[in-house]
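Q: what follows is a predicted protein model with its sequence.
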Amino acid sequence: MRRLPRSATPPRALGTRELRWLGALLVAAQLPQAPHLPIWVAVAGVALVLVRIAVLRDDPWRPQAPPARIPSWTLAVFAMAAAVAVRQTFGYLVGRDPSVAFLYILVAIKYLETRTARDGTLLVCLACFLLMTPFFYSQSLVAAVAALPAIVLVGVALDVLARASPAAAHAFRPGAALRRSAVLMLQGLPIAFLLFVFFPRLAQPLWGLPTDWVARSGLSDSMSPGQISELSLSDEVAFRVEFDGAVPPARDRYWRGPVFTRFDGRTWSGLPFSIPAAAPPDEGLPVSYTVTVEPNERRSLFALELPAGPPVLQSGTESGRDVKAIVTRDRQVLLNTPVTQAIRYTQRSLLAASFPAASPAEGRLELGLGDGNPRTIAFARDLRREVADDRSFVQAILAKFHDENFVYTLTPPFYDRDPVDLFLFDERRGFCEHYASAFALLLRAAGIPARVVTGYQGGTTNRDYMIVRQSDAHAWTEALLDGRWTRFDPTAAVAPSRVEMGLGGALRAGEPLPFLARLDGTWLTQVRLAWDAFNYDWRRNVVGFNRERQRTLWRDWTLDRYAPWQIVVLVAGLAGAWAALVVGGLLWKRRKQERALVLWDGLNRRLARAGLPREPYEGPLAFSSRAAQRWPQFAIAFTAIGESFAALRYGDVRAPREREALVATLRRAIEVLPAAGVLRGTR
């Protein structure tokens, strides 16, 4: 039996106007992602879209000709070249960063070959996915605001694609389409709010992305001369803190981070293993607070000295695994995974400058002298023979820093070989890491176990929380005296105002201070602090709205006393009420429109269903005449309809009574006509 060929409708080709709006959507979706990409990827992706927009020209001699497009064979070349270039840039192709970069370029290449409505719909879907990729890197308020133009343009692009007929496309108005899209988005906000507040929050995300190697920020896993001074030139936020009670004074705000035990003569580094603390300290003033750490690709968390136990993590997962934290024997707070997204945790600390060692043999690891620095070692051993005990030796070194001509500066000279010797005996200019390193080496050379602690010192109060920035990075020393690890800050011996007033109060005039570390605050500083507070509220109340915060909100609203099905009914009722309000507003607006136009539009829809659609170029008289020829038995009614509507729309009818009479004539004539199904079967 011979099969009959299936009739297939050819795909609708896109016009110049539709392609331009799709290009505008892609550019709006690309721009928020551009700062997170290599410069050549960001420029290439936008350039490909702009090239296609530039070649879109309507031919006045051939208005029906398809828009110009790039040959298909070049697109495959572009895609292969992009894959090779992305692989060369990142060193790998499978991962978050290279995959996002490759998608960024592939979407632009897809736009070059877009021809049909199906291609346009697929491009809108790809643009929506591309619009989500900036949130892989940041969930800040700026990222949310940057996505708004593209979200509005998604509605406009769908509006353009939905106008299949040339007449509908000709009637398209950009301003009206933008308003429709914005209004639809605003109408959906109450529903989104209900889902945000009432939809059950999961304890962890449904999915995660593998961690890519990225540039790390903040304190490093090692410390070399000049490293912290470079970090202190940054105003970038390290973490924010909310205290449950009074804020501790500046002298007690030592935020403990990485602890370094090994020294090779130049660089300090930590142990390759972590020993959990046996028991928390049992002395010191207790203080509780909540910390929000920014992503830094490090495992260290920060706590006031001394952490009384591991923190309670409120949120944060990595690739679907639960994040856990421990307190090590040297009182570091470490995670089992790097911080790749903002993590919020509650910590309890005991404000104390010392704590007992775990065992008498603990200080053996903190006696290595490394290579080089012979003058420092010889000086320490000579001085140790002149003093009575270890504590007297420590005080003698601190007095040396205080009394002699040492300079605290952000721009120390470069110390290459024997850096501690050059710092102590030649240049005498350094930042906190120089003083902490020299102090620890002097103590070790005298037989006193010592190590370097890095972290942050101080912080800026902003409204109801505290900001700790990279410019607050600091290094100090711990020494084992009388069986207790005791904190000593040699920087405070040289520049005492560093502890009380921060970096801006300790450096000399002319030093390259970061903007927000300056003490002469300007109105711009206040604006930046206000913006930080606003952005922090966004992070706490929107991005950080996790399961615990949702349950707390429900308890505050006394919703926890209701059964789940009752809450579902409540949410459904509120959503239904809002939908009814929106629909009712549309109906009211429609009734407020000109009655004649409403009747005429209704007649056009009825006749279209009956098989007689009105052409775009037809006026009321011409269309009524054609309808009268199709259904001659209703010719009188169609004539009355055409004449009365033409007079109302295009005539000079100003008297209210005359207009009411014409509207009544139009309404009665339309009521004479039967339903669309009856007209369809009538000849």
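A: Perfect, I can see it now.
Q: quick check: buried residues in the helix or strand containing residue 532?
A: Using DSSP states H and E, residue 532 maps to helix 523-538. Residues of helix 523-538 classed as buried by neighbour count (16 or more other C-beta atoms under 10 Å): 528, 529, 532, 533, 536, 538. Using the backbone N, CA and C atoms, a C-beta is placed for each residue, glycine as well.
Q: buried stuff in the next helix or strand after that helix?
A: Downstream of helix 523-538, the next assigned helix or strand under DSSP H and E is helix 547-556. Neighbour counts over helix 547-556 (16+ other C-beta under 10 Å) mark 549, 550, 554 as buried.
Q: lowest-confidence helix or strand of the protein?
A: When the helices and strands of the chain are scored by mean pLDDT, DSSP states H and E, strand 317-318 comes last with a mean of 43.
Q: the stretch 51-200 of the chain: helices as residue ranges?
A: Taking DSSP state H, counting those that start in this stretch as the test, the helices found in the stretch 51-200 of the chain are 72-90, 96-113, 117-132, 141-162, 166-170, 174-198.
Q: ignore the last one, the stretch 351-500 of the chain
A: 374-386, 390-403, 419-421, 432-445, 490-494, 497-501.
Q: tell me which of these is the most buried.
A: By mean neighbour count, with neighbours taken as mean count of other C-beta atoms under 10 Å, helix 432-445 ranks first of the helices of the stretch 351-500 of the chain at a mean of 27.
Q: for that one, give the mean pLDDT please.
A: For helix 432-445, mean pLDDT is 91.
Q: near residue 225, how many other residues are there?
A: If you count neighbours by other C-beta atoms under 10 Å, residue 225 ends up with 24.
Q: next: residue 127.
A: Neighbours of residue 127 under the rule other C-beta under 10 Å: 23.
Q: how about it, what does it touch?
A: The contact partners of residue 127, by C-beta atoms under 8 Å, 6 or more residues apart in numbering, come to 25, 26, 29, 107, 150, 154, 157.
Q: wait, doesn't the fifth one sit right on residue 22?
A: No: counting by C-beta atoms under 8 Å, residue 22 is not a contact partner of residue 150; they are 12.0 Å apart.
Q: who has more neighbours, the two?
A: residue 22 (27 against 22).
Q: name the residues that touch the helix or strand hosting that one?
A: Element membership of residue 22 [criterion: DSSP H and E] is helix 16-30. Outside helix 16-30, the residues that touch it by C-beta under 8 Å, 6+ apart are 14, 42, 45-46, 49-50, 52-53, 56-58, 67, 104, 107-108, 111, 114, 120, 123-124, 127-128, 130-131, 149-150, 153-154, 156-157, 160-161, 169, 172.
Q: quick one: mean pLDDT over that helix.
A: Helix 16-30 comes out with an average pLDDT of 90.
Q: with just CA atoms, put it into PDB.
A: Extracted in PDB, the C-alpha atoms of helix 16-30 (Å, rounded to 0.1, in the frame of the first residue of the first chain):
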ATOM      1  CA  THR A  16      14.500  41.900  11.000                       C
ATOM      2  CA  ARG A  17      12.500  43.300  13.900                       C
ATOM      3  CA  GLU A  18      12.300  40.000  15.700                       C
ATOM      4  CA  LEU A  19      16.000  39.300  15.200                       C
ATOM      5  CA  ARG A  20      16.900  42.700  16.600                       C
ATOM      6  CA  TRP A  21      14.900  42.200  19.700                       C
ATOM      7  CA  LEU A  22      16.400  38.800  20.200                       C
ATOM      8  CA  GLY A  23      19.800  40.400  19.900                       C
ATOM      9  CA  ALA A  24      18.900  43.000  22.500                       C
ATOM     10  CA  LEU A  25      17.800  40.200  24.800                       C
ATOM     11  CA  LEU A  26      21.100  38.300  24.400                       C
ATOM     12  CA  VAL A  27      23.200  41.400  25.000                       C
ATOM     13  CA  ALA A  28      21.200  42.100  28.200                       C
ATOM     14  CA  ALA A  29      21.800  38.500  29.300                       C
ATOM     15  CA  GLN A  30      25.500  38.600  28.500                       C
END
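Q: in TSV, list the contacts of residue 127 along with distance to residue 675.
A: Output for the contacts of residue 127, formatted as TSV (distance: C-beta to C-beta, whole Å):
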residue	distance to residue 675
25	41
26	46
29	46
107	48
150	44
154	38
157	37
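Q: for the residues you listed, which one is nearest residue 334?
A: When those are compared for distance to residue 334 (C-beta to C-beta), residue 29 wins out at 38.8 Å.
Q: where's that closest one relative to residue 648, distance?
A: Residue 29 sits at a distance of 45 Å from residue 648 (criterion: C-beta to C-beta, to the nearest Å).
Q: residue 276 too?
A: From residue 276 to residue 648 the distance is 86 Å (C-beta to C-beta).
Q: equivalent analysis for residue 525, please.
A: 64 Å.
Q: coming back round to it: higher neighbour count, residue 29 and residue 648?
A: residue 29 (28 against 22).
Q: select the longest helix from this structure.
A: Secondary structure of the chain per DSSP state H: the longest helix is helix 564-592.
Q: packing partners for that helix?
A: helix 174-198 (3 or more C-beta pairs under 8 Å, 6 or more residues apart in numbering; DSSP states H and E).
Q: could you pull out the buried residues of the helix it packs on?
A: For helix 174-198, the buried set under the neighbour-count rule, 16+ other C-beta under 10 Å, comprises 177, 181, 190, 194, 198.
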